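Participant: Turn this into a model:
(chains A and B)
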Amino acid sequence: MSERSEHELDELLGRHLGACLDGQLGRATAAFRAAERAERRTAAAARWRWWAGGAVGVAAGVAIAWMMFANRLPHGSISKPDLVTDMSTAAVPPMVQSTTWSPVKDDGLAVVDDQPVRQWRRQIVEEVEWYDAKDGAMVRTRMPRQQIILIGLRAD
Amino acid sequence: MRATRVLLPGRNVAESIELAVAELVARACRGDGSAFEELIRRHERLALGVAYGALHDPQRAGDAVQEAFIRAWRRLGDLAEPARFGPWLCGIVRNLCADERRRRRLAVCGIDAALGEACGKTREPAEEMGRRELGERVAAALRDLDETTRTAVVLRYYENLSSREIGELIGLSPAAVDMRLMRGRAALKEKLVLEVNET
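Facilitator: Just a heads-up that it's a prediction; the model follows:
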């Protein structure tokens, strides 16, 4: 094989490969730029979603904390309640003291429906005192009541 | 055309190139897109040569190289030795080419030849037809080589790499590369010498 042929073969191969492959140059750069742009857009969208989710989470947490704290205020405050409504919910059962007076008074005779009767009057005073050791609250109530007792008399 | 060499003081050419590539890889790892584009510019011909050697189809080679660079960008953090970006990239290219060959194993064989014959029947100037036919014969002669020999031939004649550089990329010693090149040229000569003389 002559040197000229060797040289021509080398040139032929170089030309052929250049003609085949040079047309593909630049594709990788273009594809990389497109992929980088797409990844940047995806990353920006992911960041926005993260921040939005975080803001929603924080808002939800604040709302839940407010609801819990707001509901605790009536139980947490230390003030003398005017009326104990539900003692069963207290963690420490309050002490209760109850006192009742009921003197009876003879009112003498009375006529009811043209019938003579003996009239007795009972006056009842109930005093109830609640003391809640947990809160140091004390409530005292006094309830007066009156009962009229009529005793029929025999006419014979 | 070879890539531009940046010679740093106190270092030889090869070391300077490796440092430049390592620096580009480091910058690309930090998200510098322009650094990775420079890596593409420096290694695209090399990657095309490896892909063409494996697939023997310019379009599919371009597809594989495109995908290889995108994968390399995404996995750049896995590269243990930044200076060896070229061989690492060639490994990705070869894997993609192997996947592509597996996918096309069921494709109809000879369809390219049939298309070639169909194209050959169109009317075109005689000179153009002669050039195209010669190109087809060169392509057919290259296709008849085994993949490793074809890759070595392509990298030598397209990218003008030395035997040592080719060996680093395809995992052969320089002596083994020289042997492959010698056999490849002999086989091509046998098939093409008549066409060379005719041109």
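
Participant: Only C-alpha atoms from now on, for both contacts and neighbour counts.
Facilitator: Will do.

Participant: Can you get me a residue count around the closest residue to B:Arg143 other than its chain neighbours?
Facilitator: Excluding the flanking residues, the one nearest B:Arg143 by Cα to Cα, 6 or more residues apart in numbering or on different chains is B:His56, at 6.4 Å. By the criterion of other Cα atoms under 10 Å in any protein chain shown, B:His56 has 21 neighbours.

Participant: List the residues that contact B:His56.
Facilitator: If you count contacts by Cα atoms under 8 Å, 6 or more residues apart in numbering or on different chains, B:His56 has them with B:139, B:142-143.

Participant: of these, closest to B:Leu181?
Facilitator: Taking Cα to Cα as the measure, B:Leu181 lies nearest B:Leu142 of these, at 12.2 Å.

Participant: How much space separates A:Val104 from chain B?
Facilitator: From A:Val104 across to chain B, the span is 100 Å (Cα to the nearest Cα, to the nearest Å).

Participant: Using the three-state scheme, assign the closest residue to that residue other than its chain neighbours.
Facilitator: Closest residue to A:Val104 apart from its sequence neighbours, by Cα to Cα, 6+ apart: A:Arg122 at 4.3 Å. On the three-state scheme (DSSP: H, G, I helix; E, B strand; the rest coil), A:Arg122 is labelled strand.

Participant: got a list of what A:Arg122 touches?
Facilitator: For A:Arg122, the contact set (Cα under 8 Å, 6+ apart) comprises A:102-105, A:146-149.

Participant: could you redo the last one with a cut-off of 7 Å?
Facilitator: A:102-105, A:146-148 (Cα atoms under 7 Å, 6 or more residues apart in numbering or on different chains).

Participant: on that earlier part again, quick check, nearest of the contacts of B:His56 to chain A?
Facilitator: Each of these was scored against chain A by Cα to the nearest Cα, and B:Ala139 proved nearest at 8.1 Å.

Participant: From B:Asn95, how far out is the closest one?
Facilitator: 23 Å (Cα to Cα, to the nearest Å).

Participant: A:Met68 too?
Facilitator: Taken as Cα to Cα, the span from A:Met68 to B:Asn95 is 60 Å.

Participant: How about A:Val139?
Facilitator: Distance, A:Val139 to B:Asn95, using Cα to Cα: 87 Å.

Participant: now swap in A:Arg27 and tell me
Facilitator: With the distance defined as Cα to Cα, A:Arg27 ends up 19 Å from B:Asn95.

Participant: repeat for A:Trp51
Facilitator: 40 Å.

Participant: So which of these two has more stuff around it?
Facilitator: It is B:Asn95, of A:Trp51 and B:Asn95, that has more neighbours when counted by other Cα under 10 Å, with 16 against 12.

Participant: Determine if any part of the helix or strand hosting A:Leu12 is in contact with chain B.
Facilitator: Secondary structure from DSSP states H and E places A:Leu12 in helix A:3-21. Yes. Using Cα under 7 Å from any Cα of the partner chain, helix A:3-21 reaches chain B at A:8-9, A:13-14, A:16-18, A:20-21.

Participant: Distance from that helix to the middle of the chain?
Facilitator: Centroid displacement of helix A:3-21 relative to its chain, using Cα atoms, centre = their mean, to the nearest Å, is 82 Å.

Participant: does the residue of chain B found nearest chain A count as helix, strand or coil?
Facilitator: Nearest residue of chain B to chain A, counting by Cα to the nearest Cα: B:Gln66, 4.3 Å away. Three-state assignment for B:Gln66 (three-state DSSP): helix.
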